[in-house]
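A.B. asks: any chance you can model this:
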Amino acid sequence: MKQRVTKNYDKEFKLNAVKLFLSRGISCKQLSKELGLPPSTLAGWVEQHERSGDNAFPGKGNLKPDDLELARLHRELEIAKEERDILKKALGIFSLTNE
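C.D. replies: A predicted model of the protein is given here:
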């Protein structure tokens, strides 16, 4: 049985490949053959670059700046909800003792 080998390409290589594709005006299949990678890989890179621009390809385990901001806001919202719930409980306790 043949084992599949996966190659990892760095951000610089991906960006250069996409910019080369956009500037040369040749088919994705032809350029991918010249670069020695599958056409679907190059097509995926082009699509990612169209969606995210130079923020595409953040690297393995890294988030894009927009995703980092979203995660930060989610954490902040969770903290605010916890603080709100604590204040509600405290208000209930204090209102019982004042009666």
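A.B. asks: so how far is Leu77 from Lys88?
C.D. replies: If you measure Lys88 against Leu77 using C-beta to C-beta, to the nearest Å, the figure is 16 Å. To be clear about C-beta, it is placed using only N, CA and C from the backbone, and glycine gets the same treatment.
A.B. asks: how about the nearest residue to Leu35, chain neighbours excluded?
C.D. replies: Ala17 (5.9 Å; C-beta to C-beta, 6 or more residues apart in numbering).
A.B. asks: which SSE is the one you found in?
C.D. replies: Following DSSP states H and E, the helix or strand that holds Ala17 is helix 11-24.
A.B. asks: now swap in Gln3 and tell me
C.D. replies: Applying DSSP H and E, one finds Gln3 in no helix or strand.
A.B. asks: what does the one 5 residues further on give?
C.D. replies: Per DSSP H and E, Asn8 falls between elements, in no helix or strand.
A.B. asks: dihedrals phi and psi, it?
C.D. replies: Backbone torsions of Asn8, given as degrees, to the nearest 10, read phi -110, psi 130.
A.B. asks: then Asn55?
C.D. replies: Backbone torsions for Asn55, taken as degrees, to the nearest 10, come to phi -80, psi 0.
A.B. asks: quick check: Lys29 touching Leu37?
C.D. replies: No: contact status for Lys29 versus Leu37: not in contact, 11.0 Å apart, counting by C-beta atoms under 8 Å.
A.B. asks: about what we covered before: and the helix holding Ala17, what does it pack against?
C.D. replies: Helix 11-24 is packed against helix 28-35, helix 39-52, with contacts defined by 3 or more C-beta pairs under 8 Å, 6 or more residues apart in numbering; DSSP states H and E.
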